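**Student:** Next come a sequence and a model predicted from it.
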Amino acid sequence: MKLFVFGLGYSAAFFAQRLHAYGHQVTGTVRTPVKAKAMAHDGLIARIFGPDGHDEEIESDILACDAMLISVPPDAGGDPILRTYAKQIAAAKTTRWIGYLSTIGVYGDHAGEWIDERTPANPSNVRSQRRARAEQDWLTLGAKGTASVQIFRLAGIYGPGRNQLIQIAQGTARRIIKPGQVFNRTHVEDIAQVLEASLERPRNGGIYNVTDNEPAPPQDVVTFAAQLCNRTPPPEVRLEDAALTDMGRSFYDENKRVRNQLIHDELGVTLKYPTYREGLAALKAAGDGSM
């Protein structure tokens, strides 16, 4: 199989490297030559795609791929991939699967209530509004073409090198308190297995929540990470006293519990890390958070 990835960021690169390890050919885009060199070192074929231009080979890569993953975020002008390559993607004869990585942020705020894929998108900030529009643009392309387009709405992503254990070890972890606030999370390895399952069972127009089973208060996760590291948890800080950026504070404007039953029922996925406890414990055992 030939996979083409727009945007070899944290989650997409993890998935790409996993498929490469299985023996598949993987090509993807990065923004800088330095990142391209790093990806090539990992065995991936890297192309440049960014605000300063793009490699000419991308067009032929699109026309030759069997599957395509999109993780580049939309901007004020819409989805940059569709803006640049919509005709080529629509003309690709071999592409049978397209996955778009989105966010559960498109649901907006639900005051801590449980929601699922049947809940209408109601994004409350500009970033999520752009995501919701991009989702629809990709679904429209799927409805008109031969490739199956799937949307994956991801919760807060963590995994190797990106987790609260690292923050505890570096002294940057914070226990910010907003009463009643909960977040879902998802381990990058579970994201990868959901994408793999979808490749085997494509459904054009499918939308899937990729989350763990236990939405939890963020301070509880930090406390558990500190316990794993045999450290004293950082002091609690009220949200109103936390010096957060506008983006950081915006995450606390939304409170919801997101169900993930569809990835189990339709894709047959059993999460390797159903809660943050299993995920962080495994990461600690692998060496994250060690000094």
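**Tutor:** Sure thing, it's come through. Residues are numbered from 1 along each chain as shown.
**Student:** my read: Arg153 touches Ser102, true?
**Tutor:** Yes: with contacts counted by CB atoms under 8 Å, Arg153 reaches Ser102, the gap being 5.0 Å. Any C-beta I mention is one placed from the backbone N, CA and C, and that applies to glycine too.
**Student:** Between the two, which contacts overlap?
**Tutor:** Listed as contacting both Arg153 and Ser102 by CB atoms under 8 Å, 6 or more residues apart in numbering is no residue at all.
**Student:** which one is Leu82 nearest to, not counting chain neighbours?
**Tutor:** Of all residues not flanking Leu82 in the chain, Asp137 sits nearest, at 5.6 Å (CB to CB, 6 or more residues apart in numbering).
**Student:** who's in contact with that neighbour?
**Tutor:** 78-79, 82.
**Student:** What confidence value was assigned to it?
**Tutor:** At Asp137, the model reports a pLDDT of 98.
**Student:** got it, and the one 3 residues further on?
**Tutor:** Predicted confidence (pLDDT) for Thr140: 97.
**Student:** so it sits in a helix?
**Tutor:** Yes: Thr140: assigned to a helix according to DSSP: H, G, I helix; E, B strand; the rest coil.
**Student:** Helices of the protein, start to end?
**Tutor:** 10-21, 33-41, 57-64, 80-91, 126-144, 164-170, 188-200, 218-228, 246-250, 261-265, 276-285 (DSSP state H).
**Student:** Run through who's touching the last one.
**Tutor:** Contact with helix 276-285 is made by 158-160, 163-165, 185, 187, 212, 214, 216, 221, 224-225, 228-229, 272-273, 289-290, as judged by CB under 8 Å, 6+ apart.
**Student:** Restricted to strands, list those.
**Tutor:** Using DSSP state E, the subset of the contacts of helix 276-285 located in strands is 158, 185, 187.
**Student:** Just send these back as JSON lines, with pLDDT, neighbour count and distance to His264 too.
**Tutor:** Output for the ones in strands among the contacts of helix 276-285, formatted as JSON lines (pLDDT from 0 to 100; neighbours: other CB atoms under 10 Å; distance: CB to CB, whole Å):
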{"residue": "Tyr158", "pLDDT": "98", "neighbour count": "24", "distance to His264": "20"}
{"residue": "Arg185", "pLDDT": "98", "neighbour count": "24", "distance to His264": "17"}
{"residue": "His187", "pLDDT": "98", "neighbour count": "28", "distance to His264": "15"}
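**Student:** Tell me the bridge partners for the residue nearest the centre of the chain.
**Tutor:** The chain has Leu154 as the residue nearest its centroid, 4.9 Å off, counting by CA atoms, centre = their mean. Beta bridges link Leu154 to Thr103, Val210, judged by DSSP bridges.
**Student:** where does Ser290 land on pLDDT?
**Tutor:** Taking Ser290 on its own, its pLDDT is 86.
**Student:** Would you mind confirming that Thr27 makes contact with Cys65?
**Tutor:** Yes: assessed by CB under 8 Å, Thr27 is found in contact with Cys65 at 7.4 Å.
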